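Fold the following, please.
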Amino acid sequence: MKLAPVRRADRVLMILLIAADLITIPLVFMLTWVLRTEIFVSMLPGFHHQLILYLAALPVVAILWIFSFARAGLYMPKRHLGSMGELQQLLKAFIYLLIAIMAVSYLVRTEYSRVILFMFIGISIPVTAILRYLARKIAHVIAPLREAPKILIVGTGEVAARVITALRRFPGKAPELVGVVSTAATDKELFESVEIVSSLDDIVDTIGRLSADEVFFAAPELDRSRILEIISLVKDTQIHYRLVTDLFEIALGVSDVDDLARLPIVEIGYGEPGVMHRVTKRFMDVSIASLMFLVLFPLMSVILFIQLVRKNGSPIFSQKRVGLRGKEFTFYKFRTMKPESDEYEVAPLSMNDSRVTGIGKFLRRTSLDELPQLFNVLRGDMSLVGPRPEMPFIVEKYTSWQRHRLDVKPGLTGMWQIMGRKELPLHDNLGYDYYYIRNQSLMLDFTILLRTIAIIFKGRGAY
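Got it, this is the predicted structure:
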């Protein structure tokens with residue numbers, strides 16, 4: 001597929017930013033080493049470490065650096081983020097990096113010089129800013145945006161007006177506002193020189209007709225299902241979608257957010273991870289699932305033994321679920337409900353459900369009933385992170401945008417689990433899953449895994 005100019009420019013910029021960061025790491029380290037061992041040696045306490053000790057740690061630092069910067073959103077295109085906003089992201093990334101390096105140093109039980117660590121971080125900040133500035137200049141030469149991005153605004157209220165005003169004041173080459181899509185029959189002309197080009201019913205055709213590069217949903221009253229349906233119907237996968245609303249406000253801790261007109265701009269991404277992402281994700285699934293199985297095998301054996309002694313039917317509950325591309329597979333859990341319960345009944349909505357056994361309440365509360373799904377992960381039916389697999393009769397009722405849940409492997413945990421679990425209604429769960437699919441990244445997976453662990457210890461929303 002041929003990339004649109006805007007999308008190609010974004011990819012070239014991302015590659016150059018990563019290259020700039022990888023150049024920064026050894027450059028800053030050697031500068032730090034010279035300052036510590038040559039220039040400031042008489043001013044600081046004695047230092048007896050060998051250079052090889054730190055050179056061996058640089059590959060680990062590089063990995064932590066890339067993850068920290070990706071977590072802070074510094075490899076994403078930022079056409080609507082001012083210099084102050086980017087500086088804030090840069091400082092946030094270095095805080096992540098500092099914490100990560102100190103944590104890894106503690107885990108490997110190697111005493112590195114704190115003076116070198118803090119000098120490395122301090123010198124990295126200005127050097128990184130300079131090299132990333134040069135990377136942007138080079139990216140503009142290699143893959144220039146010959147035309148300003150064409151932006152279509154959805155909404156005609158106060159929020160949309162603020163977005164349009166902010167875009168017109170954007171420094172440098174301002175984006176081209178190709179029009180406004182009205183969301184109500186009674187819309188009035190609220191914006192000078194911005195034409196209302198269509199109604200919401202015709203938006204899909206309008207996006208293609210105007211060759212929009214970006215679509216801003218700036219109508220807080222617009223139902224989330226309608227937004228996701230529109231995105232799923234547009235065939236052009238090169239378009240940026242940005243949501244100016246509180247739709248995913250609860251998810252801001254794990255998403256990429258721009259700040260425009262003092263409004264949260266949440267990007268609903270492309271949902272097209274490459275081969276390298278899929279290979280790396282599978283490697284992570286197998287590695288972590290294997291480790292978890294080895295560590296938790298004694299606990300799983302105890303649960304299995306208790307289930308056998310209590311004689312509440314088969315200790316392992318199996319059920320048909322729908323996975324990647326609609327393929328059915330056998331899904332495993334520890335049994336938590338009485339054997340006479342219908343396997344396709346609605347799941348318990350409270351801990352007082354009479355169908356749940358005594359040990360089942362404990363297993364569900366602690367999420368230990370999900371442990372047999374490690375077998376599903378190892379077999380490749382599931383991933384550690386992804387939408388929860390649903391039963392066939394539920395999938396049959398999916399709308400067009402809801403069926404996009406089947407574009408990725410189902411997961412042991414996902415956005416739904418960290419945002420509220422069973423405290424959220426079904427349509428909210430599907431919305432979060434769709435957001436995850438459009439914004440897949442290893443950093444997002446890692447964040448979801450960490451937050452899942454915290455939520456399990458709290459026992460929130462588990463029935």
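
in the chain, which helix or strand is least confident?
strand 257-260 (a mean of 52; mean pLDDT, DSSP states H and E).

Which strands and helices lie in contact with the lengthiest helix in the chain?
Using DSSP state H to define each element, the chain has its longest helix at helix 275-310. If you count contacts as 3 or more C-beta pairs under 8 Å, 6 or more residues apart in numbering; DSSP states H and E, helix 275-310 packs onto strand 328-334, helix 358-366, helix 373-379, strand 383-385, helix 442-458. Quick note: C-beta positions are derived from backbone N, CA and C, even for glycine.

And the helices in the stretch 151-300 of the chain?
Counting by DSSP state H, counting those that start in this stretch, the stretch 151-300 of the chain has these helices, from start to end: 158-168, 203-209, 224-233, 275-310.

Could you dump those into JSON lines with mean neighbour count and distance to residue 380 added?
JSON lines is the format used below for these (neighbours: other C-beta atoms under 10 Å; distance: least, C-beta to C-beta, whole Å):
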{"stretch": "helix 158-168", "mean neighbour count": "18", "distance to residue 380": "43"}
{"stretch": "helix 203-209", "mean neighbour count": "18", "distance to residue 380": "35"}
{"stretch": "helix 224-233", "mean neighbour count": "18", "distance to residue 380": "26"}
{"stretch": "helix 275-310", "mean neighbour count": "14", "distance to residue 380": "8"}
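
Could you say which one of those comes nearest to residue 244?
helix 158-168 (5.7 Å; C-beta to C-beta).

Of all the helices of the stretch 151-300 of the chain, which one is nearest residue 24?
Nearest of those (C-beta to C-beta): helix 275-310, 22.4 Å.

chain center to that closest one, what's the gap?
Relative to the chain's own centre, helix 275-310 is displaced by 23 Å; criterion: C-alpha atoms, centre = their mean, to the nearest Å.

try stretch 390-410
On C-alpha atoms, centre = their mean, the centre of stretch 390-410 falls 20 Å from the chain's centre.

now do the same end-to-end measure for it.
9 Å (C-alpha to C-alpha, to the nearest Å).

List the buried residues for that stretch?
390, 395, 398, 401, 402, 404, 405, 406, 408, 409, 410 (16 or more other C-beta atoms under 10 Å).

now do stretch 361-370
361, 362, 363, 364, 365, 367, 368, 369, 370.

got a pLDDT number for the closest residue to residue 198 other than its chain neighbours?
Spatially, and ignoring its direct neighbours in sequence, residue 198 is nearest to residue 206 (4.2 Å; C-beta to C-beta, 6 or more residues apart in numbering). With respect to pLDDT, residue 206 scores 91.

Surely residue 206 is in contact with residue 180?
No - judged on C-beta atoms under 8 Å, residue 206 makes no contact with residue 180 at a distance of 10.2 Å.

any shared contact partners between these two?
152, 197 (C-beta atoms under 8 Å, 6 or more residues apart in numbering).

tally of neighbours for residue 135?
Neighbours of residue 135 under the rule other C-beta atoms under 10 Å: 21.

can I assume it is in contact with residue 20?
Yes - Residue 135 lies in contact with residue 20 (C-beta under 8 Å); the separation is 4.1 Å.

any idea of the pLDDT on residue 431?
In this prediction residue 431 is given a pLDDT of 69.

next one: residue 409
93.

Check residue 134 too.
At residue 134, pLDDT is 92.

helices and strands around the helix or strand hosting it, which ones?
Here residue 134 sits within helix 114-142, counting by DSSP states H and E. Applying 3+ C-beta pairs under 8 Å, 6+ apart, we find helix 114-142 packed against helix 5-34, helix 83-107.

Tell me which of those helices sits nearest to residue 228.
The nearest among the helices and strands packed on helix 114-142, by C-beta to C-beta, is helix 5-34 at 21.1 Å.

With only the CA atoms kept, save the helix or strand containing residue 61 in CSV.
Secondary structure assigned from DSSP H and E places residue 61 in helix 51-71. Provided in CSV are the C-alpha atoms of helix 51-71 (Å, rounded to 0.1, in the frame of the first residue of the first chain):
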residue,chain,number,x,y,z
LEU,A,51,34.7,1.3,32.0
ILE,A,52,33.7,-2.2,30.8
LEU,A,53,31.1,-2.4,33.6
TYR,A,54,29.2,0.6,32.1
LEU,A,55,29.7,-0.3,28.5
ALA,A,56,28.0,-3.7,29.2
ALA,A,57,25.0,-1.8,30.6
LEU,A,58,24.5,0.5,27.6
PRO,A,59,22.4,-1.9,25.6
VAL,A,60,20.0,-2.3,28.6
VAL,A,61,19.9,1.5,29.0
ALA,A,62,19.1,1.8,25.3
ILE,A,63,16.1,-0.5,25.7
LEU,A,64,14.9,1.3,28.8
TRP,A,65,15.4,4.6,27.0
ILE,A,66,13.3,3.6,23.9
PHE,A,67,10.5,2.2,26.2
SER,A,68,10.5,5.3,28.4
PHE,A,69,10.3,7.7,25.4
ALA,A,70,7.7,5.6,23.7
ARG,A,71,5.7,5.6,27.0
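
Residues in a beta bridge with residue 330, which ones?
On the basis of DSSP bridges, residue 330 is bridged to residue 320.

Show the contacting residues for it.
318, 319, 320, 321, 381 are the contacts of residue 330 under C-beta under 8 Å, 6+ apart.

what's the average pLDDT for the helix holding residue 61?
Mean predicted confidence for helix 51-71 is 87.

What angle do helix 114-142 and it make with each other?
50 degrees (axes from the mean of the first three to the mean of the last three C-alpha atoms, to 10 degrees).

now for helix 51-71, which elements pack on it?
Using 3+ C-beta pairs under 8 Å, 6+ apart, helix 51-71 sits against helix 5-34, helix 83-107, helix 442-458.

low pLDDT regions in the stretch 151-300 of the chain?
170-174, 185-193, 236-237, 245-264, 269-274 (pLDDT under 70).

most packed of the helices and strands packed on helix 114-142?
Across those, averaging neighbours per residue (mean count of other C-beta atoms under 10 Å) puts helix 5-34 on top, at a mean of 18.

And that one, how far out from the chain middle?
22 Å.

Hmm, residue 402 and residue 437 touching each other?
No - using C-beta under 8 Å as the test, residue 437 is too far from residue 402 to be in contact (10.9 Å).

show me the residues around residue 363 that make contact.
Counting by C-beta under 8 Å, 6+ apart, residue 363 has contacts 303, 334, 336, 369.

least trustworthy position among these, going by pLDDT?
Out of the contacts of residue 363, that is residue 336, at 86.

Could I get the contacting residues of it?
Residue 336 touches 317, 356, 357, 359, 360, 361, 363, 364, 369, counting by C-beta under 8 Å, 6+ apart.

Mind doing that once more with 7 Å?
356, 357, 360, 363, 364, 369 (C-beta atoms under 7 Å, 6 or more residues apart in numbering).

ok, back up a step: just name the most buried of the helices and strands packed on helix 275-310.
Of the helices and strands packed on helix 275-310, strand 383-385 is the most buried (mean count of other C-beta under 10 Å), at a mean of 26.

re the thing from before, reformat the contacts of residue 336 into TSV and put distance to residue 167 next to each item.
Formatted as TSV, these follow (distance: C-beta to C-beta, whole Å):
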residue	distance to residue 167
356	53
357	58
360	54
363	52
364	49
369	49
